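Visitor: Sequence and predicted structure below; questions after.
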Amino acid sequence: MTDMVRKAISVGKFKSYHSSRHGFMVHGDSLSLMKEMADESVDLIMTSPPFGLVRKKSYGNVDAEKYVAWFRDFGVQFRRILKPAGSLVIDIGGAWVPGQPTRSLYHFELLIMLCKDPEIQFHLAQEFFWWNPAKLPTPAEWVNIRRIRVKDAVNCVWWLSKTPWPKACNKRVLTPYSTSMNTLLKNGYKAKLRPSGHDISDKFSIDNGAAIPPNLIAVPNTESNSYYLRYCQGKGYMPHPARFPAALPEFFVRMLTDREDVVFDPFGGSCVTGEVCERLRRKWVCCDLDEGYLKAAVGRFERGNVKDLKPAKSSSYSLCHPAVLWNGDDPEKLSKDGGRQRPKRSPAATTPKGREECRRFVQQRLLKP
């Protein structure tokens, strides 16, 4: 770590646990660490705090009912250390109310607190949603057994700012045009007023080279053979169980910061944010209470020059239209008690005969004009 980086990111009495060219890790309480940091010294806080889950996790999560009160002191410090044009980005998953198929409101209450508390008063620049296409159908009791809910595959990502005008540029996160858009650009488009009232001008048919992305970020969380995991296995370290994919923080680091800007992750975990910043030449600090996770995170910076790593291969993901299988009658009647009574036997589709009938049913529906 260069002296210039250390001077740019003052952490007072706290010592670097491990350093690289552009940043360093700190072992300790991030709330105490932030109190040592200078006012308006950070350009972006990019983090995924422990979620307010029903079940306790090894990384130490807080109960959903107590979450907002626990997080408030962090919010106060976040506002103090952020620069006027800086941003706070929080990836946060939802939770289920214990013992019933309804959702906790804790992550929405957190957002409201961060925007309405007199000592914090962030602006909601925009809400994003991270869709994990590889997410398993959980919770099993409500989704797989009683069949009264669908799988929860989306995390909320709150983009907050101190002013209504944080620095940002969506040109840095453009995506390829869709097939239909490429066809439109090729064949042309007639400017007209749509039934919705939107006035589509002839500028809509200008080829800008790429598309502006939506606020739905589709990234699978399927890491299984990365250098980080191989490093943990070789050293006998426990990998962090709740890592977000690098593409998620990279989206916001690219859109909201310039080279040499300072990025801080107060719940660093396996230091994915730090690895992304190292590659993109941002100054960074990652802090975590668990030294075991930091030991494992060192592996992210021990394979040479991190900035020379190849970016992930691009891919796209599609969602079926919900009406694909809607032809004909409904397959079964709704339970009058809303699923309160647990079924005595597994759904028919889990038996060999049931699976075959389900496959035949799907094929008929897909082939039916």
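Guide: Arrived safely.
Visitor: so where do the helices sit in this protein?
Guide: Assigned by DSSP state H, the helices in the chain fall at 3-8, 30-36, 64-81, 106-116, 140, 179-187, 227-235, 247-256, 272-280, 291-297, 352-367.
Visitor: Val219 is nearest to which of those?
Guide: Closest of those to Val219 is helix 247-256, at 4.7 Å (criterion: Cβ to Cβ). For the C-beta atoms, the positions are set from N, CA and C on the backbone; glycine is no exception.
Visitor: quick one: low-confidence ranges for the stretch 51-200 of the chain?
Guide: For the stretch 51-200 of the chain, residues meeting the criterion pLDDT under 70 lie at 52-64.
Visitor: that older thread, using TSV, lay out the helices of the chain together with distance to Arg146 and mean neighbour count.
Guide: Putting the helices of the chain into TSV (distance: least, Cβ to Cβ, whole Å; neighbours: other Cβ atoms under 10 Å) gives the following:
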stretch	distance to Arg146	mean neighbour count
helix 3-8	53	13
helix 30-36	40	17
helix 64-81	22	18
helix 106-116	24	18
helix 140	9	11
helix 179-187	39	11
helix 227-235	35	15
helix 247-256	31	22
helix 272-280	35	26
helix 291-297	36	20
helix 352-367	17	11
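Visitor: can the ones you listed go into CSV with extra columns for distance to Ser19?
Guide: As requested, these are exported to CSV (distance: least, Cβ to Cβ, whole Å):
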stretch, distance to Ser19
helix 3-8, 8
helix 30-36, 15
helix 64-81, 20
helix 106-116, 31
helix 140, 43
helix 179-187, 45
helix 227-235, 18
helix 247-256, 19
helix 272-280, 10
helix 291-297, 12
helix 352-367, 54
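Visitor: Go through these and name the closest to Lys344.
Guide: Taking these one by one with Cβ to Cβ, helix 352-367 is closest: 15.5 Å.
Visitor: got a list of contacts for stretch 32-42?
Guide: Residues from elsewhere that reach stretch 32-42 (Cβ atoms under 8 Å, 6 or more residues apart in numbering): 8-14, 26, 74, 77-78, 80-84, 86, 262-264, 266, 287.
Visitor: switch to 7 Å and redo it
Guide: Contact with stretch 32-42 is made by 10-14, 26, 77, 80-84, 86, 262, 264, 266, 287, as judged by Cβ atoms under 7 Å, 6 or more residues apart in numbering.
Visitor: and what of stretch 18-28?
Guide: 1-2, 5, 11, 14, 16-17, 33, 268, 271, 274, 277-278, 281-289, 291, 294, 297-298, 301.
Visitor: rerun that using 6 Å as the cut-off
Guide: Contact with stretch 18-28 is made by 1, 14, 16-17, 33, 274, 278, 283-287, 291, 294, 298, 301, as judged by Cβ atoms under 6 Å, 6 or more residues apart in numbering.
Visitor: ok, now stretch 198-209?
Guide: Leu185, Tyr189, Ala191, Leu193.
Visitor: ok, now stretch 242-254?
Guide: 46, 48, 59, 89, 91, 130, 172-173, 219, 221, 270, 272-273, 276, 280.
Visitor: So which of these wins on neighbours?
Guide: Within those, Thr273 tops the neighbour count with 32 neighbours, counted by other Cβ atoms under 10 Å.
Visitor: Go ahead and confirm that residue touches Ser48.
Guide: No. Using Cβ atoms under 6 Å, Thr273 is not in contact with Ser48, being 8.6 Å away.
Visitor: Give me the distance between the two termini of stretch 316-326.
Guide: This stretch, stretch 316-326, spans 25 Å end to end (Cα to Cα, to the nearest Å).
Visitor: what about it, average pLDDT?
Guide: The average pLDDT for stretch 316-326 rounds to 80.
Visitor: now do stretch 302-312
Guide: For stretch 302-312, the per-residue pLDDT averages 57.
Visitor: hmm, back to that, now, the most widely separated pair of the contacts of stretch 18-28?
Guide: Lys283 and Glu291 (23.0 Å).
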